[in-house]
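Enquirer: Need a 3D model of the following:
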Amino acid sequence: MKDNDIKAIAERYGITLIYLFGSQADKGRRYLEGEDVRLDAFSDLDVAVTFENPPTEAIKIYGVIYKEISEIFDPFNIDLIFMHEVGALFQYEIIKGVRVYEKDRHLTDEFEEGIMKRAEDLLFKKRIFDDEVMEAIEDGYIEFEYNPNP
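Expert: The predicted model follows:
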């Protein structure tokens, strides 16, 4: 039943993918499948969506989608993320979660592959930057004070 509700929301708003991610992703998946789950009062369920065409009035559509997804996952508190609004490294963390809806498997594969490539490029550049900073510190170009007991 809840899978049909997810699909209906996706079709209504032009959503191509829906992911659950974060610490409650597996509980969210099990809840969606009809299992009873024990909620963590201090954690929310992170939900990410991607659109066929990102909405022009994101704030308006955000509220509507948030309300409808919240109803499906009640009693979870949810955080809703539009994937086109976050960077590649965050997107990579999202796709490592649980995919609960996809419109087209082939497009999903292309989308996720693109994210993985961009994330790897960023990580490679970050490693180079980190190495250069460490070298500058070792060579005395950058100084800093370390006080373990401020």
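
Enquirer: Which helix or strand contains Gln91?
Expert: Taking DSSP states H and E as the criterion, Gln91 maps to helix 88-95.

Enquirer: buried residues in that helix?
Expert: 88, 91-95 (16 or more other CB atoms under 10 Å). (Each C-beta comes from the backbone N, C-alpha and C, glycine too.)

Enquirer: How about residues contacting the helix or strand following that helix?
Expert: Moving toward the C-terminus from helix 88-95, the next helix or strand (DSSP H and E) is strand 98-102. Strand 98-102 is contacted from outside by 3, 6-7, 10, 15-21, 25-26, 28-29, 32, 108, using CB atoms under 8 Å, 6 or more residues apart in numbering.

Enquirer: Quick one: name whatever helix or strand follows strand 98-102.
Expert: That would be, after strand 98-102 and using DSSP H and E, helix 105-138.

Enquirer: Now do that next one and helix 88-95, the angle between them.
Expert: Angle of helix 105-138 versus helix 88-95, following axes from the mean of the first three to the mean of the last three CA atoms, to 10 degrees, is 130 degrees.

Enquirer: State the mean pLDDT of helix 105-138.
Expert: Mean pLDDT, computed over helix 105-138, is 85.

Enquirer: That helix packs against which elements?
Expert: Applying 3 or more CB pairs under 8 Å, 6 or more residues apart in numbering; DSSP states H and E, one finds that helix 105-138 makes contact with strand 15-21, helix 88-95.
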